[in-house]
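>>> sequence and predicted structure below; questions after.
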Amino acid sequence: MKFFQILQKIKQYLPYFLWYVGLWLGLYFVPQFWFARMDYDHFFFQTYSYISVCVLPLFYHSFLRYMAIYHKPIREKFLQKMPERSIGNHLKFLFGQLHFWLGYAAIAFLFCAYPLTETTPTVAFLFGTFGKINVLLVYLVLMFAIYAWANLSAIRLWRDDNEKRDYMGKKEKRNALIILIAVYAATPFAFLLIWDIVTRYIPLIYQIAYMYATPLFIVVVLFFILLIISVNFLRVMFARKKCLKQIQKSCREMGFEMTEVQHPYLSAFRVCKGESFQITTHKKAYSCKLVGAPKRFLPMAIHPSGALHFVHSFSMFKATLYSYTTVKDISYDSELPKILIVNPAPIKLSCYFRNKIAEIDNGALVGEYKIYTATAFIRAIETDTVERLG
């Protein structure tokens, strides 16, 4: 009986133990790998060390954020309490969690117990003359800030990504970690490749261009570069112009009144204050607001409180390495029924429903707003079904 109780205890605490082991291994071996790949006598070793020190905080944040997302004790407590959305409330919650402090204690122990030449070789190479105690004091303060920031990022994911409360299956979780480590471990090779290209091929390309390129050729190249940069801008402008033209045409054909459009093109790139225009049908008037997705493949979620949530993520091989959410307020006052017209529309349009994210159909009511894409709204005008929107 005692044997099974012991096994049960081991099973209960084993995930916590493995979490801390994974934390130590990641923080220890990746910086070691960077240093091991370089030759001490390499002529640009000092430059490489400065670059590594700049990349190091990015690695620490990415890795600690990944570990924080899967830190089960804190995640479960947060989903139970779900404090109000603010940095102050999130920090208050974190600082009240024992496992948050245990995680930081584990990080501090790693750097205090081992020499800097083992935990952070590039830092020791550049700043070792300042003394271990002085370097450690600064380092531990910075690590605490990065650790807290990583946990805040995890909290935002837990709050905003409620449709994935399991946060990926074991396979995707493993792939995300492997890719994350591989990306940062490949830093030396990327630096060597870039340095080789810069030192060998750029001067040659410059010489060829200087010798053979005509003014016309340079103008054409610059034009195509500008065109590539402007593709998304032109796509958004074309979609918005077509949308407004069709709405105005449909209103004229149906005998509806439409006021002048406020910020017709600026509202495609940013949220503008107030309504965009009003439409008066034979029976009713409506307040319409235009919003747009800045990028087609950027998911948009509409909150009942009157806010747009854009989920930005960086993925490789279908594994999400990093994601964050930006929020834009679209609320405004109007006594008329409100219609939110999304143009250009993203590839995925969702809303928050009972603390979960769900895809929505045209005409769905989210808070005070009826949500429509431009095509669906124009169809509603042409079929004289706008009255049903109220």
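Structure received. Numbers count the residues shown, from 1 in each chain.
>>> make it CA atoms for all contacts and neighbour counts henceforth
Noted.
>>> count of neighbours near the closest residue in space to Phe277 that isn't next to it in sequence?
The shortest distance from Phe277 to any non-neighbouring residue, by CA to CA, 6 or more residues apart in numbering, is to Val261 (5.0 Å). Around Val261 there are 15 other residues, counting by other CA atoms under 10 Å.
>>> and Phe224, by the same measure?
When counting by other CA under 10 Å, one arrives at 11 neighbours for Phe224.
>>> that's a helix at it, yeah?
Yes: judged by DSSP: H, G, I helix; E, B strand; the rest coil, Phe224 forms part of a helix.
>>> circling back: need the phi and psi values for the residue nearest to Phe277.
phi -80, psi 130 (degrees, to the nearest 10).
>>> and the one 3 residues further on, by the same measure?
Phi and psi for Pro264, reported as degrees, to the nearest 10, are phi -60, psi -40.
>>> one more: Ala364?
According to degrees, to the nearest 10, Ala364 has phi -70, psi 140.
>>> that one contacts Ile371, correct?
Yes: counting by CA atoms under 8 Å, Ala364 touches Ile371, with 5.6 Å between them.
>>> more neighbours: which of these two?
Of the pair Ala364 and Ile371, Ile371 is the one with more neighbours under other CA under 10 Å, namely 25 against 13.
>>> what sits opposite that one in the beta ladder?
Leu340, Ala364 (DSSP bridges).
>>> give me the distance between it and Ser153.
Applying CA to CA, to the nearest Å, the value for Ile371 to Ser153 is 29 Å.
>>> cool, Glu253 as well?
Look at Glu253 and Ser153: by CA to CA, they are 50 Å apart.
>>> who has more neighbours, the two?
The neighbour count for Glu253 versus Ser153, taken as other CA under 10 Å, is higher for Ser153 (22 against 11).
>>> correct me if wrong: the more buried one contacts Leu64.
No: contact criterion CA under 8 Å: Ser153 and Leu64 do not qualify, at 10.0 Å.
>>> so who does His71 touch?
By CA atoms under 8 Å, 6 or more residues apart in numbering, His71 lies in contact with Trp19.
>>> per-residue confidence for it?
His71 carries a pLDDT value of 83.
>>> what does Glu257 give?
89.
>>> just give the closest residue to it, not the sequence neighbours.
Leaving aside its chain neighbours, Glu257 sits nearest to Thr280 (5.0 Å; criterion: CA to CA, 6+ apart).
>>> how about the helices in the stretch 201-350 of the chain?
Along the stretch 201-350 of the chain, the segments classed as helices by DSSP state H, counting those that start in this stretch run 215-254.
>>> pLDDT below threshold where in it?
209-213, 315-324 (pLDDT under 70).
>>> what's the domain layout of the chain?
13-196, 253-389 (automatic domain parsing).
>>> quick one: the first one to chain centroid distance?
Relative to the chain's own centre, domain 13-196 is displaced by 18 Å; criterion: CA atoms, centre = their mean, to the nearest Å.
>>> same question, stretch 214-229
So, by CA atoms, centre = their mean, the centroid of stretch 214-229 is 32 Å from its chain's centroid.
>>> just the CA atoms of it, as CSV, please.
The C-alpha coordinates for stretch 214-229 follow below in CSV (Å, rounded to 0.1, in the frame of the first residue of the first chain):
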residue,chain,number,x,y,z
THR,A,214,22.5,52.4,-66.1
PRO,A,215,20.3,55.1,-64.5
LEU,A,216,17.2,53.5,-66.1
PHE,A,217,18.1,50.1,-64.7
ILE,A,218,18.5,51.6,-61.2
VAL,A,219,15.1,53.4,-61.5
VAL,A,220,13.4,50.1,-62.6
VAL,A,221,14.9,48.1,-59.7
LEU,A,222,13.8,50.8,-57.2
PHE,A,223,10.3,50.9,-58.8
PHE,A,224,9.9,47.1,-58.3
ILE,A,225,11.2,47.3,-54.7
LEU,A,226,8.7,50.0,-54.0
LEU,A,227,5.9,48.0,-55.7
ILE,A,228,6.7,44.9,-53.5
ILE,A,229,6.6,47.0,-50.4
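>>> show residues contacting that stretch.
Contacts for stretch 214-229 (CA under 8 Å, 6+ apart): none.
>>> follow-up on the earlier one: for the residue nearest to Glu257, give its distance to Ile381.
In this view, Thr280 and Ile381 are 11 Å apart by CA to CA.
>>> for stretch 95-103, buried residues please.
His99, Phe100, Gly103 (16 or more other CA atoms under 10 Å).
>>> just the strands in the stretch 201-350 of the chain please.
Secondary structure of the stretch 201-350 of the chain by DSSP state E, counting those that start in this stretch: the strands cover 257-258, 277-280, 285-291, 300-303, 307-316, 319-329, 338-342, 349-353.
>>> many thanks, have a good one.
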